[in-house]
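Q: Please work out how this folds:
(one chain, ligands or ions: 2)
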Amino acid sequence: MSKIILITGASSGLGKATAEKFAAGGWDLIVTARRKEQLANVASDIEKKYGVKTLSLVFDVQDKKAVFEHLGNLPKEWQAINVLLNNAGLALGREPFDEANLEDWETMIDTNVKGLLYASKAVLPFIIAQKGHIINIGSTAGKEVYKDGNVYCATKHAVDAISKAQRIDLLPHGVKITAVHPGAVETEFSLVRFKGDATKADAVYAGYTPLKAEDIADTIWYVANTPAHVCINDLVVTCTAQGNSTTIYKG
Ligand code: NDP
Ligand code: 8X3
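A: Residues are numbered from 1 along each chain as shown. Ligands and ions are numbered 1, 2, ... in the order given. Next comes the predicted model:
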């Protein structure tokens, strides 16, 4: 029987690349996002290309009721989940604390922190039944705070802390927990952060070679396929030009 990975935020970026990577390895996929058509295209392209099964679920991870309705009541044939990838997330704005927008803060906290908690909790009985694996996408922003990153950085520090807490609390169930913390990856992330301003988004990746979504998909594939007795707890992955959250060499 094929293994199953559930990926939140699979309509673009890291989630989409990870869906493709696992499908290429023969895994069946549960993919989720808000953009219905974009998600359906990702799923149908993957089904055609790799011949695996997919289940697409459209909901907002901020919506507690929707998360539990969809993920808590999965069809029987989709309940044997081996890996949950908590990937859905975003940054909104890059302003100093005194100028930043309260609604942006709330959306980031509700998505990156509360959404991750809801998805983890909704799926946990299935993960425990499989002695499965939860992989949380943090960020270098969850390791060091950078200027004007305030609440985005705080949400990723929370992902770091939640991952450590899940790891120790779920030991009795034989569940693996891994946090993967990417540095700059060229995806739709900065376009979303700068609310469609492509000039600002492009500037984030100018002057060096950033990571590609596929680089992080390869990392996730690796951590999900270690022997049963091995758990990678925490992994920071940057491009060669990036030293930490605050330092990118743009020679
Ligand atoms: P993208 O913007 O390309 O992808 C984000 C994904 O999350 C999309 O599929 C989006 O789908 C989904 N998403 C966002 N908000 C919600 C929501 N409320 N409910 C459901 N799904 C949602 O960016 P990335 O692929 O780069 O980002 C993926 C993760 O990686 C995020 O957690 C981000 O913080 C993290 N990260 C990114 C880095 C980077 O430099 N790119 C570096 C470090 C971490 P839709 O809009 O259809 O709902
Ligand atoms: C995304 C990377 O440096 O823009 O988490 O915060 S960064």
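Q: which residues in the stretch 1-150 of the chain form helices?
A: 13-24, 36-50, 64-72, 102-108, 116-130, 150-169 (DSSP state H, counting those that start in this stretch).
Q: and the longest one, what's its mean pLDDT?
A: The average pLDDT for helix 150-169 rounds to 98.
Q: which outside residues touch it?
A: 86, 89, 91-92, 94, 96-97, 100, 104-105, 108-109, 112-113, 116-117, 120, 134, 136-139, 141-146, 175, 177-179, 181, 193, 231, 233-234, 245 (CB atoms under 8 Å, 6 or more residues apart in numbering). Backbone N, C-alpha and C define where each C-beta goes, glycine included.
Q: Then the first one?
A: Counting contacts by CB under 8 Å, 6+ apart, the residues outside helix 13-24 that touch it are 5, 7-10, 29, 31, 33, 42-43, 46, 49-50, 52, 54, 85, 87-88, 137, 182, 185, 187-189, 212-214, 216-218, 220-221, 224.
Q: cool, the fourth one as well?
A: For helix 102-108, the surrounding residues in contact (CB under 8 Å, 6+ apart) are 62, 90, 91, 92, 93, 151, 152, 155.
Q: so which of the contacts of helix 150-169 also contact ligand 2?
A: 139, 141, 245 (CB under 6 Å from any ligand atom).
Q: Adding pLDDT and neighbour count, write the residues you listed out as JSON lines.
A: Converted to JSON lines, these look like this (pLDDT from 0 to 100; neighbours: other CB atoms under 10 Å):
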{"residue": "139", "pLDDT": "98", "neighbour count": "27"}
{"residue": "141", "pLDDT": "98", "neighbour count": "23"}
{"residue": "245", "pLDDT": "97", "neighbour count": "22"}
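Q: Strands - which of those residues land there?
A: In strands, judged by DSSP state E, none of these are found.
Q: coming back round to it: which of the contacts of helix 102-108 ranks first by neighbour count?
A: residue 152 (27 neighbours; other CB atoms under 10 Å).
Q: quick revisit: derive a ChimeraX selection command for the buried subset of the contacts of helix 150-169.
A: Per 16 or more other CB atoms under 10 Å, the buried members of the contacts of helix 150-169 correspond to this ChimeraX selection:
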select :86,89,91,92,94,100,104,105,108,109,112,113,116,117,120,134,136,137,138,139,141,142,143,145,175,177,178,179,181,193,231,234,245
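Q: Which of the contacts of helix 150-169 fall in strands?
A: 86, 134, 136, 137, 177, 178, 179, 181, 234.
Q: Residue 43 and residue 49: what is the separation?
A: 11 Å (CB to CB, to the nearest Å).
Q: Same question for residue 233.
A: 33 Å.
Q: Now for the spatially most central residue of the chain: which residues touch it?
A: Nearest to the mean C-alpha position of the chain, by CA atoms, centre = their mean, lies residue 87 at 1.3 Å. The contact partners of residue 87, by CB under 8 Å, 6+ apart, come to 7, 8, 9, 10, 14, 15, 18, 137.
Q: just checking, residue 72 touches residue 124?
A: No - with contacts counted by CB atoms under 8 Å, residue 72 stays clear of residue 124, the gap being 9.7 Å.
Q: between the two, which one's more packed in?
A: Neighbours per residue (other CB under 10 Å) separate residue 72 from residue 124, with residue 124 holding more: 20 against 14.
Q: Check the offset of stretch 72-90 from the chain's centre.
A: Chain-centre distance of stretch 72-90: 12 Å, with CA atoms, centre = their mean, to the nearest Å.
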